[in-house]
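J.: Task: produce atomic coordinates for the following.
(chains A and B)
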Number of protein chains: 2
Amino acid sequence: MIKVCIIGSGNVAQHLVVALIHAQNSGADIALVQVYSRQKESIANLLDASKITSDFNTLAEADLYIIAVSDDAVAEVSSKIPFQNKLVAHTSGTVAITALDNKNRKAVFYPLQTFSKNKAVDFNAIPICLESENPTDYEVLEKVAKSISNKVVAINSSQRKALHVSAVFVNNFVNHLYQIGNEICAENQISFEILKPLIKETSEKIQTLSPKEAQTGPARRLDLETINTHLDFISDENHKKIYEILTQSIITDGKKL
Amino acid sequence: MIKVCIIGSGNVAQHLVVALIHAQNSGADIALVQVYSRQKESIANLLDASKITSDFNTLAEADLYIIAVSDDAVAEVSSKIPFQNKLVAHTSGTVAITALDNKNRKAVFYPLQTFSKNKAVDFNAIPICLESENPTDYEVLEKVAKSISNKVVAINSSQRKALHVSAVFVNNFVNHLYQIGNEICAENQISFEILKPLIKETSEKIQTLSPKEAQTGPARRLDLETINTHLDFISDENHKKIYEILTQSIITDGKKL
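T.: Numbering: from 1, shown residues only, chains lettered A, B, ... in the order given. The predicted structure is shown next:
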């Protein structure tokens, strides 16, 4: 039985708590023994009050402490754990494993997903990227990760940084392009709903084709007439700049083919 | 019974042929009477040889001609239709309705989707954007469109241009960002598979949240430390430029909130 303690009460912490309780109830050999939350009420709807603490001095003994707090708080929070030689993992895509306090065994438990408070996620489909300083600890991380996800991968710190940068491109930036599409629609009295099937299909296409194979559009086929018509049409200077740089990038890539 | 003739044999034409035959077989009051294809064999697997012509002089009589050819061929192809005062629609997102030859009644039948030859699409979920010069023709277009799609909308030429520009952002450019994510993964010996659940979730999120609400990441929370770490990490100058411009755009938007 692996005893797990979660430190934090934000999006990632909450989704982890739900997933771990579910795994435990489904018979996994793990136990969520406690959650630390500065404000107990922020997590009170998810588990029994007796399992929540807001005081590091009453932190329970556990085999694994998962720190799910904002990046800049990871180091400080890890120093507040009142134990030594315990396995402590953070959940950040960017923070180095070395940022964790030296008194405990360091690890990373990074779920690669975008979490929103008001949207349930299927943790089973979320890749969990693991890293530990020693192999025995990796086995513990792996058991816990596999109890909640089907996609558990070993990722070192440098790969994790690459993965996080990639995630910014395919999630944060992609979402921003959705927003620009939304704005252009709104300015022209078109419902954003019309674009949703296309957005869905675009993301589904690369589940079977490579992005290179899936690339279509005026830039890909070097259709300069359409590109210029579009640039004339776009009034927002910022949108125009983004259109230009991405078009140029697709054209350059096309020439490499 | 509305008789339809498709002119063209590319991706859009082929998907339209399949959808119209399916609608016809399902009892819709339409008939696909003929398909024009320069090379008969390119469409021979989809319908009976007797319904394919490669000669405009043998084009069948129909109530609606749908021209599904490349943008720059629309005008010329429309001039080759050997009839007068027929309803003729093109399927382009960018070509003006006025580009069609004057001898026939002009219309647009624009399915807003990304079509790939090797990937089936569910036409039912594809918005079809219609425009006609006169209201009676709109009814014909609408009947045909509704026989293959649940999402039929009236869109004028200026809106259609806006829609096409938006589609370039949410499809072509989004796919290009997928490709950049793929490249960064490959350079760091990470399987692109790990990013796929995130890509899926990103597109699903905006089915229920607005893109503005769904925006997360270092730029959104003004996390300059992470942004700088990422910029240091990215070696490709083009990727760096794209990272910078999209980050700046998200930050600017955040300030407007």
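J.: Could you use CA atoms for every contact and neighbour count after this?
T.: Fine.
J.: what are the ranges of the helices in the stretch 1-150 of chain A?
T.: Counting by DSSP state H, counting those that start in this stretch, the stretch 1-150 of chain A has helices at residues A:11-25, A:74-79, A:135-148.
J.: wait, which of these is closest to chain B?
T.: Chain B lies closest to helix A:11-25 among those, at 11.5 Å (Cα to the nearest Cα).
J.: Is chain B within reach of the helix or strand encompassing A:Asn228?
T.: In this assignment (DSSP states H and E), A:Asn228 forms part of helix A:224-233. Yes. Helix A:224-233 is in contact with chain B by Cα under 8 Å from any Cα of the partner chain, via A:Thr226, A:His230, A:Phe233.
J.: what's the burial count for the residue nearest to the first one when sequence neighbours are not counted?
T.: In space, A:Thr226 comes closest to A:Pro218 once its chain neighbours are excluded; the distance is 6.4 Å by Cα to Cα, 6 or more residues apart in numbering or on different chains. Using other Cα atoms under 10 Å in any protein chain shown, A:Pro218 has 18 other residues around it.
J.: For A:Pro218, give its distance to B:Val170.
T.: For A:Pro218, the distance to B:Val170 equals 14 Å [Cα to Cα, to the nearest Å].
J.: again with A:His176
T.: 9 Å.
J.: hang on, the earlier thing: okay, the residues of helix A:224-233 next to chain B in CSV with pLDDT and neighbour count next?
T.: CSV is the format used below for the residues of helix A:224-233 next to chain B (pLDDT from 0 to 100; neighbours: other Cα atoms under 10 Å in any protein chain shown):
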residue, pLDDT, neighbour count
A:Thr226, 91, 20
A:His230, 95, 21
A:Phe233, 95, 14
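J.: List the contacts of the closest residue in space to A:His239 that isn't next to it in sequence.
T.: Spatial nearest neighbour of A:His239, excluding adjacent residues (Cα to Cα, 6+ apart): A:Ile180 at 7.4 Å. Taking Cα atoms under 8 Å, 6 or more residues apart in numbering or on different chains, we find A:Ile180 in contact with A:His239, B:Ser166, B:Phe169.
J.: in which helix or strand would I find A:Ile180?
T.: Per DSSP H and E: helix A:174-187 holds A:Ile180.
J.: Name the residues of the helix or strand just after that helix that are buried.
T.: Next helix or strand after helix A:174-187 toward the C-terminus (DSSP H and E): helix A:196-208. Under the neighbour-count criterion of 16 or more other Cα atoms under 10 Å in any protein chain shown, helix A:196-208 has A:Lys196, A:Pro197, A:Leu198, A:Ile199, A:Lys200, A:Glu201, A:Thr202, A:Ser203, A:Lys205, A:Ile206 buried.
J.: Which one of these is nearest to A:Ala31?
T.: Comparing those against A:Ala31 with Cα to Cα places A:Ser203 closest, at 36.2 Å.
J.: what about the closest one, distance to chain B?
T.: 6 Å (Cα to the nearest Cα, to the nearest Å).
J.: That residue contacts B:Glu201, doesn't it?
T.: No. Applying Cα atoms under 8 Å as the test, A:Ser203 and B:Glu201 come out as separate, 9.2 Å apart.
J.: Nearest the geometric middle of chain A, what residue?
T.: A:Gln113 (3.0 Å; Cα atoms, centre = their mean).
J.: nearest residue to that one other than its sequence neighbours?
T.: A:Gln113's closest residue in space is B:Leu198 (Cα to Cα, 6+ apart), at 5.3 Å.
J.: wait, doesn't the one you found sit right on A:Phe115?
T.: No. Using Cα under 8 Å, B:Leu198 is not in contact with A:Phe115; the gap is 10.0 Å.
J.: circling back: and the helices of the stretch 1-150 of chain A as CSV, adding distance to A:Glu187?
T.: Listed next are these as CSV, based on distance: least, Cα to Cα, whole Å:
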stretch, distance to A:Glu187
helix A:11-25, 33
helix A:74-79, 43
helix A:135-148, 44
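J.: how about the ones you listed, which one is nearest B:Val144?
T.: Minimum separation from B:Val144 across the helices of the stretch 1-150 of chain A (Cα to Cα) falls at helix A:11-25, 46.4 Å.
J.: tell me which residues in that closest one are buried?
T.: A:11-21, A:23-24.
J.: Chain B next: which of those residues are close?
T.: By Cα under 8 Å from any Cα, no member of the buried residues of helix A:11-25 lies near chain B.
J.: Show me which pair in those is furthest apart.
T.: Longest distance between any two of those is 20.1 Å, between A:Asn11 and A:Gln24; criterion Cα to Cα.
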